[in-house]
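Asker: For reference, the sequence and a predicted model appear below.
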Amino acid sequence: MDERLHQELLKATEELRGLVGACSTETIVEYCTLYFIPRKGLAEEGSPLSSQVRQWFFLLGLMLPTPEPKYPKEFDEPEFARSVGLLESIFSSYVRMFWPPPEEQPGISDQWMKVREVSMPAFLHYFNTALLANVDQISDRIRLYLSPFDAQLKELVGVTASAALNITIWVGQSLQQQVDRFVETCQKVYEALEERQPANNISYLQDEINDQQGILKVSRASIEKKFGATEASSFWDLFVSKRGEATEFRYLTERNIAEEKPLFEISDGIALCPYINALYSAVLKVFEQRLSSSPMKEVFLKKRDRNFEGDVESKLRTLFGTSAEFFVTVYETPDSHFEHDLVIRWNRRLFIIEAKASPPTEPFRDPDKAFVRLKRAFQSETGIQKAFDQANRISKRLALGETIELFDSTRKSITTIRPQDIDSIYCICVTRDDFGPIATNLSLLLEKEEQDSYPWAVNIFDLERIVEAWSYYKWPPDKLCEYLDTRLKLHGKVFSTDELQIAGCFIKHGGLHHLLHQEADRIFLPPEYADIFDKIYLAKHEGEEVVYAPTEPHFFDPRKMLSESINERVKTERNVPRINPNIKQGRNDQCACGSGRKYKRCCGK
């Protein structure tokens, strides 16, 4: 990052620190909470932040080292608007650091572009993206990987992973009850006003709302009452942060205590929880870190790898049921050479699955150093390249006409695969963690021969959501083959950081061939395609049914759209009459300029 850009970053960061430093903890956290609660109006207008979860917690991380002000201001609309601008400026600084100053741009080489094509999206995904998993998935991961080490965790941190998860679930349920009660009372007030009920009825309901102003608060006493003083005390120490006690925090790339302790104490024994998913993520992250830095590290990592392989098998058995043959931990030779984690044979189709449990490496800020580090990790024994090479070995042997015999760990032959019995082969790498763009677009780093097909690299959370969708629609495994047959040809053409965006596009439009046949060099998919999986998840939890009704896709040129948007804005600014300065406008009133928008979103900006 050049010095000018670095100084801009520091200036924006210090201004944001000063802004939150002057406001009360309670109003800052409450305002953050509003943007984690789905609301119709916000959904229509879109989030004002490009990376909402990470940006809000960056703001909270800047707040924590500052003391509670003696005469605090309220964090309200003006503070929020300025915070959004500063957060976007700070986060965009990390985008701009990958591009040279104007005077150096004429000398850009192909290698320079190649380096940044890899390092920039990988860096931004690593630091900007929160854990993309629902609370059920995180809970399952805690039970699978951490609960077996409850005894060790009890010694290390004073509370077991199972107990911490139970407390988190209980906190989430309590907060949801608070919100439901508050929303229900607000609805009654609205109905009373609409029906012009007696004033005393309305007054009573408004008193109820005032009594419920403490929503989203967690008390230490209530946790002690439910789970006991010892576990409550350890949980509180681990996951509750107190303002003025955190170490200085400045950069997005630094450790952020707000993410590890996402309950914010506002008075003795009382904390606010702005986002329950963050608490689940913190339990997972903190306990895994403690085990990985303890004498139990090697035992933990080995068990993690074994459990992950079992998790992959379990997810795929849900998809295939009893219609496929599963061969787990097999070798191409009787003396245990050329291992494969899982081989599935189904209807003349062969699936070779390699499971990689190691997390993605942290990219450097320097693009060239980041590229070298990312490529080295990608090609390591625990990387995606290695998974492809392992799986592709069987594919190559069958292509050469070889018959392959597979053996288990006892040297016993368990199956024979003949080329004439197989029509299609799919090489799949399932990762435990989200590798973002270097997995969804394997053309960035994967090395293969021209005649080889790309593998499918998918993280376990996305695989689970895809299997869940297939199960919801009662699709057979050949629907996955239909998806993969086109999906694997899109590397280098379709750009996305999320496999669910591509799978969502497949569901929404009944296939992916329209992407394959587009003349565009690059196609960028909007994140909204992934929303279908959230809808299916909610539908399975008593939400609205999600009907499969494919639609025709519509493509647009983003450059043309941006140009038209700018021209339309200029035209609007020229032709829309300005507000008479004598007219008094409330911030939530419809703007008097006639735009149809609220005043605060229009001329009141």
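Answerer: In hand now; what should we look at?

Asker: nearest spatial neighbour of the most centrally placed residue in the chain, skipping sequence neighbours?
Answerer: Closest to where the C-alpha atoms of the chain average out (CA atoms, centre = their mean) is L132, at 2.6 Å. Nearest non-adjacent residue to L132, counting by CB to CB, 6 or more residues apart in numbering: D434, 6.0 Å away. For every residue, glycine as well, the C-beta is placed using N, CA and C.

Asker: and that neighbour, how far is that from L60?
Answerer: Note on D434: its distance to L60, by CB to CB, to the nearest Å, is 23 Å.

Asker: Which of those two has more residues huddled nearby?
Answerer: L60 (28 against 23; other CB atoms under 10 Å).

Asker: OK, contacts around the more buried one?
Answerer: Listed by CB atoms under 8 Å, 6 or more residues apart in numbering, the contact set of L60 reads I28, V29, C32, A258, F264, P274.

Asker: Now the two most distant members of those.
Answerer: Across those, the longest distance by CB to CB is 11.0 Å; it joins I28 and A258.

Asker: what sits in contact with each of the two?
Answerer: Common neighbours of I28 and A258, counting by CB under 8 Å, 6+ apart, are L60, M63.

Asker: quick one: which of those two has more around it?
Answerer: I28 (28 against 22).

Asker: The more buried one belongs to a strand, doesn't it?
Answerer: No: assessed with DSSP: H, G, I helix; E, B strand; the rest coil, I28 is helix; it does not lie in a strand.

Asker: Please parse this structure into its domains.
Answerer: 3-97, 135-295, 299-485, 559-601 (automatic domain parsing).

Asker: The stretch 201-350 of the chain: helices as residue ranges?
Answerer: 220-227, 229-239, 257-260, 276-292, 297-320 (DSSP state H, counting those that start in this stretch).

Asker: now for those, which one comes closest to T382?
Answerer: Across these, closest to T382 is helix 297-320 (CB to CB), at 9.2 Å.

Asker: Mind listing what's buried along that closest one?
Answerer: Buried residues in helix 297-320, counted by 16 or more other CB atoms under 10 Å: 300, 303-305, 307-309, 311-313, 315-316, 319-320.

Asker: got the angle for it vs helix 276-292?
Answerer: 130 degrees (axes from the mean of the first three to the mean of the last three CA atoms, to 10 degrees).

Asker: Put the alpha carbons of helix 297-320 into CSV.
Answerer: Taking Å, rounded to 0.1, in the frame of the first residue of the first chain, the C-alpha atoms of helix 297-320 are listed here in CSV:
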residue,chain,number,x,y,z
LYS,A,297,-2.8,-29.6,18.7
GLU,A,298,-1.7,-32.7,16.8
VAL,A,299,-4.5,-34.9,18.3
PHE,A,300,-7.1,-32.2,17.5
LEU,A,301,-5.9,-31.8,13.9
LYS,A,302,-5.8,-35.5,13.2
LYS,A,303,-9.3,-36.0,14.6
ARG,A,304,-10.5,-32.9,12.7
ASP,A,305,-9.3,-34.5,9.4
ARG,A,306,-10.9,-37.9,10.2
ASN,A,307,-14.2,-36.3,11.3
PHE,A,308,-14.2,-34.1,8.2
GLU,A,309,-13.9,-37.1,5.8
GLY,A,310,-16.8,-38.7,7.7
ASP,A,311,-18.8,-35.5,7.4
VAL,A,312,-18.3,-35.4,3.6
GLU,A,313,-19.4,-39.0,3.3
SER,A,314,-22.5,-38.3,5.4
LYS,A,315,-23.6,-35.4,3.2
LEU,A,316,-23.1,-37.3,0.0
ARG,A,317,-25.0,-40.4,1.3
THR,A,318,-27.9,-38.0,1.9
LEU,A,319,-27.9,-37.2,-1.8
PHE,A,320,-27.3,-40.7,-3.2
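
Asker: Please tell me how far it is from the chain's geometric centre.
Answerer: Helix 297-320 has its C-alpha centroid displaced from the chain centroid by 21 Å (CA atoms, centre = their mean, to the nearest Å).

Asker: which residues touch that helix?
Answerer: 144-145, 148-149, 291-292, 294, 326, 328-329, 341-342, 344, 346, 351, 353, 355, 357, 430, 432, 460, 463-464, 467, 470-471, 477, 480.

Asker: can you check stretch 140-149 too?
Answerer: By CB under 8 Å, 6+ apart, stretch 140-149 touches 133, 153, 160-162, 164-165, 280, 283-284, 287-288, 291, 296, 300, 303-304, 307, 311.

Asker: can we see that at 7 Å?
Answerer: Outside of stretch 140-149, the residues within contact range by CB atoms under 7 Å, 6 or more residues apart in numbering are 161-162, 165, 283-284, 287-288, 291, 296, 300, 303-304, 307, 311.

Asker: okay if I get those residues as JSON lines plus pLDDT and distance to P121?
Answerer: Below are those laid out as JSON lines (pLDDT from 0 to 100; distance: CB to CB, whole Å):
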{"residue": "A161", "pLDDT": "98", "distance to P121": "33"}
{"residue": "S162", "pLDDT": "98", "distance to P121": "37"}
{"residue": "L165", "pLDDT": "98", "distance to P121": "33"}
{"residue": "V283", "pLDDT": "98", "distance to P121": "29"}
{"residue": "L284", "pLDDT": "98", "distance to P121": "25"}
{"residue": "F287", "pLDDT": "98", "distance to P121": "30"}
{"residue": "E288", "pLDDT": "98", "distance to P121": "25"}
{"residue": "L291", "pLDDT": "98", "distance to P121": "30"}
{"residue": "M296", "pLDDT": "96", "distance to P121": "35"}
{"residue": "F300", "pLDDT": "98", "distance to P121": "31"}
{"residue": "K303", "pLDDT": "97", "distance to P121": "32"}
{"residue": "R304", "pLDDT": "97", "distance to P121": "27"}
{"residue": "N307", "pLDDT": "97", "distance to P121": "30"}
{"residue": "D311", "pLDDT": "98", "distance to P121": "27"}
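
Asker: And the furthest pair within those residues?
Answerer: Using CB to CB, the contacts of stretch 140-149 span at most 20.3 Å, a distance reached by M296 and D311.

Asker: circling back: closest one to D110 among the domains of the chain?
Answerer: Across those, closest to D110 is domain 299-485 (CB to CB), at 13.5 Å.

Asker: Surely K261 touches R243?
Answerer: No: here K261 lies out of contact with R243, judged by CB atoms under 7 Å, at a distance of 11.2 Å.

Asker: do you know how far the residue nearest to K493 when sequence neighbours are not counted is from V95?
Answerer: Closest residue in space to K493, ignoring its immediate chain neighbours: I523 at 6.2 Å, by CB to CB, 6+ apart. I523 sits 21 Å away from V95, taking CB to CB as the criterion.

Asker: circling back: take the helices of the stretch 201-350 of the chain and lay them out in JSON lines including distance to D180.
Answerer: As requested, the helices of the stretch 201-350 of the chain are exported to JSON lines (distance: least, CB to CB, whole Å):
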{"stretch": "helix 220-227", "distance to D180": "17"}
{"stretch": "helix 229-239", "distance to D180": "24"}
{"stretch": "helix 257-260", "distance to D180": "27"}
{"stretch": "helix 276-292", "distance to D180": "14"}
{"stretch": "helix 297-320", "distance to D180": "32"}
